[in-house]
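Participant: All I have is the shape, not the residue letters:
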């Protein structure tokens, strides 16, 4: 079990820091405040978690993304492959990429194409796969790099 130090709050009206009387869910706070996009989709490819980093990266607010297909950020030509990859991962109980990061194309809300670095994982309850998560950040377009 993850243990964390107590949260300390600085009260402007009180000189020394005080312990926060309401405990926080540190896991939730990390996901909500992460700069990287953190997304969870269920086994039907429906977005169930969309953090602030995902909002900034892809342009959709959580209210716009939650309950919709993950296809909103997947270019049309990759959608069938993504759906098949998700089915195979659920059946196998693991992702094809393991712990590797993948650079791929994505679609911004504006319709613009972009590259993102993604790491994937399955969320399980015992052997039951509940869905998949991705951690995403903007990536430079692949291609020749200047010689240093």
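Facilitator: Noted; the coordinates are in hand. Note that the structure is a prediction, hence the values are computed from the model and not measured. Residues are numbered from 1 along each chain as shown.

Participant: if you go through this protein in chain order, where are the helices?
Facilitator: If DSSP state H is used as the criterion, the helices of the chain fall at 26-33, 52-58, 62-65, 76-92.

Participant: of all these, which lies closest to residue 121?
Facilitator: Distances from residue 121 to each of those were compared using C-beta to C-beta; the minimum, 9.6 Å, belongs to helix 76-92. The way it works is simple: take the backbone N, C-alpha and C, and place the C-beta from them, glycine included.

Participant: Run through who's touching that closest one.
Facilitator: Helix 76-92 is contacted by residues 41, 43, 45, 70-71, 74, 95-96, 104-105, 120, 122, 129, 132 when judged by C-beta atoms under 8 Å, 6 or more residues apart in numbering.

Participant: from the middle of its chain, how far away would that helix be?
Facilitator: Offset of helix 76-92 from its chain centre (C-alpha atoms, centre = their mean, to the nearest Å): 17 Å.

Participant: What is the longest strand along the chain packed up against?
Facilitator: Taking DSSP state E as the assignment, the strand of the chain that covers the most residues is strand 113-125. In terms of contacts (3 or more C-beta pairs under 8 Å, 6 or more residues apart in numbering; DSSP states H and E), strand 113-125 is packed against helix 76-92, strand 102-107, strand 128-138.
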